[in-house]
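Asker: What follows is a predicted protein model with its sequence.
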Amino acid sequence: MGVHILSTGSSVPNFSVENKQFEDMIETSDYWILTRTGIKKRHLAPSSTSLTKLAAEAANNALSAANLKPTDINLIILATSTPDDLFGSASQLQAEIGATASVAFDITAACSGFIVALVTAAQFIQTGSYDNILVVGADTMSRWINWSDRTTCILFGDGAGAVVVGQSLKNSILGFKLCTDGQLNSHLQLMNTPKNNQKFGFIDIPHGNYNSITMNGKEVYKFAVFQVPMVIRQCLDNLNISIDEVDWFILHQANTRILEAIASRLSIPFSKMITNLEHYGNTSAASIPLALDEAIKSNKIKPGQTIVLSGFGAGLTWGAIVLKW
């Protein structure tokens, strides 16, 4: 059974913040942020906009593009690290869009989440378990930022991207490779730091409390620049596809310097990298489907082209998928 991406969709909050607006908050400048990250602005979700709402808008856009009704969807996979409910938000998304015939669950793999979710969806399609699957990558990272930490607060934005995946005689997903190294976990974390112990008999039970994002930028940079080119080459080598045969690369939109270094290590022109980082910042699990949707709508990606998607981030996790569009 082949797997085909039927459509794409995306959504970002209306409210956006440009670099210059940080100058009154922390010791930084528009020039410093732009030259070190490539980011010009990012979209932030106000309290009235939930993660579920952003995910639903992206999902409805993808469903409309596929000419499908919500009830045509058999499975919803929501890739997010920032659910509205700690138990998961996929079921809330199912209810929000009216996909009453679907099963729904979350996947948490941070900035690699969409890659993991799309690979998971492909397995369900190939085994014949489901016909139409909605895969959504969505995060509201702004809610987990320490706004006085100049190393992280400038990086992140909120958004959602979605794809509808269905059965096909031809397989659009040619191959994939997923990786994890938990020994590097401390380089990028959002830790549960329990506090206010509560007495239960003779035992102190800590009350759960999540802190803000912490990141060792230098180590994350070294990890991404070393591991991502390697996993992409391994994935292509397994398929006997050369780097030169790839038309477009859509990588997790973390930092322009990282993307430039990866392009250099792959010996490809940076013009083959599809990027939208300057407008959205790092939207975690949303970054790849958001960039994919924009590239489809602008007719940059055309039928028959070979596309490499690659995510990397907390865990530490990373992976790549090769598509024939």
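Answerer: Cool, the structure landed. Numbers count the residues shown, from 1 in each chain.
Asker: Now the lengthiest helix in the chain: buried residues?
Answerer: In the chain, taking DSSP state H as the definition, the longest helix is helix 217-238. Buried residues in helix 217-238, counted by 16 or more other C-beta atoms under 10 Å: 220-221, 223-225, 227-229, 231-233, 235-236. Backbone N, C-alpha and C define where each C-beta goes, glycine included.
Asker: OK, contacts around the nearest residue to residue 30 once chain neighbours are set aside?
Answerer: Excluding the flanking residues, the one nearest residue 30 by C-beta to C-beta, 6 or more residues apart in numbering is residue 19, at 4.0 Å. By C-beta atoms under 8 Å, 6 or more residues apart in numbering, the contact set of residue 19 is 28, 29, 30, 33, 34, 39, 40, 41, 154.
Asker: Got phi/psi on residue 19?
Answerer: Per-residue torsions, residue 19: phi -50, psi -40 (degrees, to the nearest 10).
Asker: Next one: it, what pLDDT does it get?
Answerer: We have a pLDDT of 95 for residue 19.
Asker: next one: residue 25
Answerer: Taking residue 25 on its own, its pLDDT is 89.
Asker: Let's verify it: helix, strand, or coil?
Answerer: Put simply, residue 25 is coil when judged by DSSP: H, G, I helix; E, B strand; the rest coil.
Asker: what sits against it?
Answerer: 147, 148, 153.
Asker: And residue 97, by the same measure?
Answerer: Applying C-beta under 8 Å, 6+ apart, we find residue 97 in contact with 56, 59, 60, 63, 70.
Asker: what do you get for residue 325?
Answerer: Going by C-beta under 8 Å, 6+ apart, the list of residues near residue 325 reads 5, 172, 301, 302, 303, 304, 305, 306, 307.
Asker: distance of the fourth one from residue 85?
Answerer: Using C-beta to C-beta, to the nearest Å, residue 302 is found at 40 Å from residue 85.
Asker: what's the answer for the fifth one, then?
Answerer: As judged by C-beta to C-beta, residue 303 and residue 85 stand 39 Å apart.
Asker: Between those two, tell me which one has more neighbours.
Answerer: residue 85 (13 against 6; other C-beta atoms under 10 Å).
Asker: dump the residue contacts of the most centrally placed residue in the chain.
Answerer: Geometric centre of the chain, nearest residue: residue 285, 1.8 Å, by C-alpha atoms, centre = their mean. Neighbour list for residue 285: 79-81, 109-114, 117, 137-139 [criterion: C-beta under 8 Å, 6+ apart].
Asker: could I get the residues you listed as a markdown table with pLDDT, secondary structure and distance to residue 10?
Answerer: Output for these, formatted as a markdown table (pLDDT from 0 to 100; DSSP: H, G, I helix; E, B strand; the rest coil; distance: C-beta to C-beta, whole Å):
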| residue | pLDDT | secondary structure | distance to residue 10 |
| --- | --- | --- | --- |
| 79 | 98 | strand | 14 |
| 80 | 98 | coil | 15 |
| 81 | 96 | coil | 18 |
| 109 | 94 | coil | 19 |
| 110 | 93 | helix | 19 |
| 111 | 96 | helix | 16 |
| 112 | 97 | helix | 18 |
| 113 | 97 | helix | 15 |
| 114 | 98 | helix | 12 |
| 117 | 98 | helix | 15 |
| 137 | 98 | strand | 9 |
| 138 | 98 | strand | 10 |
| 139 | 98 | strand | 13 |
